[in-house]
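Participant: based on what follows, work out the 3D shape:
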Amino acid sequence: MEPPPQRLRIVFSLLHSGYLRHYAEPIRLLCARGHAVHLALYRPDAKDRGDDRLLERLLADCPTVTAAAAPRRRRVDGWRPFSWMVRALVDVLRYAEPRFAHATALRERAAEKVRTRVNESRVDPLSRLLVLRAVDWVAGTPDAERARRLTKLLAAIESAIPTSRRVDRLLKEYGADVVLASPVVDIGSPQVEFIKSALRLGIPCAICVASWDNLTNKGLLRVVPDRVIVWNEVQRRELEEMHGIPRDRVVTTGGQKFDAWFDRRSTRKRKEFLGTVGLDPSRPYVLYLCSSVFIAPDEVGFVRRWIRALRESDDERLRELGILVRPHPQNAAQWAGVDLAELDEVRVWPREGEYPDEASAQNDFYDSVAHSVGVVGVNTTAQIEAGIVGKPVYTILDPQFAHTQSGTLHFHYLLHENGGFVRRATDLDEHVRQLGKGLEDPAAAEADVLAFIETFVRPRGSAQPVTPIVAAEIEALALIPANQGGTRTVRNAALRLLLSPVAFAMGAAAVPGAAWYHLHPPRISDRGRAETAR
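Facilitator: Residues are numbered from 1 along each chain as shown. You can find the predicted model right below:
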């Protein structure tokens, strides 16, 4: 791949600093190669302290990285509420497609986000009525063809919405050579402003798809950028079939987030590790990886049922099996004070949950997986990480999670019957039999795991780290001949003129009231680095 002709200045729009779990390492490599990166954060208030630390470490390590709150349209700019409603409706309408017929939880989540936002904002009565009726229609039993026609109309309206002057100004003043954005698929996401401005100004741009579920369980990409950077061919197909992105605009790099797990080794002997977590080293143990709050809002009760099924098994090995439960870091509150002592040889650790961001936390996670005889989970990215470590992975279809297992598209990609490596059981009885069989030959699933990981996580070769590939593809963006002018057409100009009175009327009445929309931006020091407002 031809190197870029100069030191690049890159503007990277991130929803919040938690996305640095996916992109901090490519950014570090870009900075090591002499490039500068400015992070434009739409949610400067991180979800947790771990997100803050990711940003603080990156800024401390990389002098050419700066960060600030992403510029938003002025509140009196009528296009701000208007554009949000257009984008939110598109995002909800996608769930009218037949492929989402059983995705009840996804459809309801998208609809509820829009309802909440509209009801908490000062929106004129007519706009509120139209949006809420459309949302209720989609949440009910919508007609797919009618939804497609409405989506096409909204896409034309999106093309007519002018770019944000504030984003235009940021890109010009920073002297951006490349513009990136991730994930851009939040409901009504304003991150599309960065892509639209880049296209208008003739700056090469790309949308970076962070995770394996982003393209199927959130909103739609509303604008076609120069490139979309994804993990694999599955996501390339999703982009083409669901988001209308041409195949030649998509680059498959693999999942750089997982690079840390391929060459890692245990830092503690098994006996030492089990002494740390409080399990009997004379017994084998199985690791249960908990899921996010959306997937499993009440997981404690299911875990109790699962453990009892093992303890009541006819298989003595399962009755004596040690069990380590690892809470999800965003869903750990439900485990506070939970006592599983009556179930024998069960530990919850770390009880408060933990992102494997820093070296010690990565060691804890890796050792938890590596010393186990197998991994069980409902539906979580950590199952992929367990597969990379080489462990057999199991899941159980349970009515409690029907809408967030079978009711999501990405869940099916990991299943063994679909070419994945996760062994699915239709109930706890079948799972007990599967797990017992797995204990007899724990290496039997290794070939399935390796084949899947290569196609899903490292499509350019299992021995090839992904971080350098992502960095190189970002550099290559600078070499793309840009088509300056973006969506300036006679049709768009006429439609914009027609819509302007509506937008300005909405702007006069609307003061967005959703809590996350009223963020206090971080202060920027003389060196241009973000400092959290105290």
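Participant: how many residues are close by Arg265?
Facilitator: 8 (other CB atoms under 10 Å). The way it works is simple: take the backbone N, C-alpha and C, and place the C-beta from them, glycine included.
Participant: before we move on, what about Arg49?
Facilitator: 10.
Participant: begin at 45 from here
Facilitator: Will do, 45 is the new start, and the previous item becomes Arg93.
Participant: got a pLDDT number for it?
Facilitator: Arg93 is assigned 72 on the pLDDT scale.
Participant: what's next to the longest helix seen in the chain, contact-wise?
Facilitator: Longest helix in the chain, counting residues (DSSP state H): helix 534-553. Applying CB atoms under 8 Å, 6 or more residues apart in numbering, the contact partners of helix 534-553 are 119-126, 166-168, 171, 200-201, 203-206.
Participant: try it again at 7 Å.
Facilitator: Residues outside helix 534-553 that contact it (CB atoms under 7 Å, 6 or more residues apart in numbering) are 120-126, 166-168, 171, 200-201, 203-204, 206.
Participant: distance from the helix or strand encompassing Val130 to the middle of the chain?
Facilitator: Val130 is located in helix 123-137, with elements delineated by DSSP states H and E. Here helix 123-137 is found 21 Å from its chain centre; the criterion is CA atoms, centre = their mean, to the nearest Å.
Participant: which of the residues in the next helix or strand after that helix are buried?
Facilitator: Sequence-wise, the next helix or strand downstream of helix 123-137 (DSSP H and E) is helix 148-164. Neighbour counts using 16 or more other CB atoms under 10 Å place 149-151, 153-155, 157-159, 161-162 of helix 148-164 among the buried residues.
Participant: so where's the stretch 45-194 of the chain shaky on pLDDT?
Facilitator: 45-49, 88-91, 185 (pLDDT under 70).
Participant: quick one: the helices in it?
Facilitator: 64-76, 93-105, 123-137, 148-164, 169-183, 188-204 (DSSP state H, counting those that start in this stretch).
Participant: the first one: which residues count as buried?
Facilitator: Neighbour counts using 16+ other CB under 10 Å place 64-75 of helix 64-76 among the buried residues.
Participant: repeat that for the second one.
Facilitator: Going by neighbour count (16+ other CB under 10 Å), the buried part of helix 93-105 is 94-100, 102-103.
Participant: before we move on, what about the last one?
Facilitator: Of the residues in helix 188-204, those scored as buried under the neighbour-count criterion (16+ other CB under 10 Å) are 191, 194-195, 198, 201-204.
Participant: and the next helix or strand past that helix?
Facilitator: Helix 188-204 is succeeded, C-terminally, by helix 209-218 (DSSP H and E).
Participant: what packs against that next one?
Facilitator: If you count contacts as 3 or more CB pairs under 7 Å, 6 or more residues apart in numbering; DSSP states H and E, helix 209-218 packs onto strand 53-60, helix 236-245.
Participant: gap between the longest one and the chain center?
Facilitator: The reference is to helix 236-245. 22 Å.
Participant: circling back to that earlier point, with only the CA atoms kept, save the helix holding Val130 in CSV.
Facilitator: Only the C-alpha atoms of helix 123-137 are listed here, as CSV (Å, rounded to 0.1, in the frame of the first residue of the first chain):
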residue,chain,number,x,y,z
TRP,A,123,-32.1,22.3,11.2
ARG,A,124,-31.0,20.8,14.6
PRO,A,125,-34.4,19.4,15.7
PHE,A,126,-35.5,18.9,12.1
SER,A,127,-32.5,16.8,11.2
TRP,A,128,-32.7,14.7,14.4
MET,A,129,-36.3,13.8,13.7
VAL,A,130,-35.6,12.9,10.1
ARG,A,131,-32.7,10.7,11.1
ALA,A,132,-34.5,9.1,14.1
LEU,A,133,-37.5,8.2,11.8
VAL,A,134,-35.1,6.5,9.4
ASP,A,135,-33.6,4.5,12.2
VAL,A,136,-37.0,3.4,13.5
LEU,A,137,-38.3,2.6,10.0
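Participant: what angle do it and helix 236-245 make?
Facilitator: 110 degrees (axes from the mean of the first three to the mean of the last three CA atoms, to 10 degrees).
Participant: can you count the residues close to Thr320?
Facilitator: Applying other CB under 10 Å, I find that Thr320 has 13 neighbouring residues.
Participant: so which strand or helix has it?
Facilitator: helix 314-321.
Participant: after that helix comes which helix or strand?
Facilitator: Using DSSP H and E, the first helix or strand after helix 314-321 is strand 329-333.
Participant: paired strands for that next one, with orientation please.
Facilitator: Strand 329-333 has its sheet partners listed here by DSSP bridges as strand 366-370 (parallel), strand 419-421 (parallel).
Participant: what's the angle from it to helix 314-321?
Facilitator: Going by the same axes, to 10 degrees, strand 329-333 makes 50 degrees with helix 314-321.
Participant: one step back: which one of the buried residues of helix 188-204 is nearest to Pro115?
Facilitator: Glu202 (19.3 Å; CB to CB).
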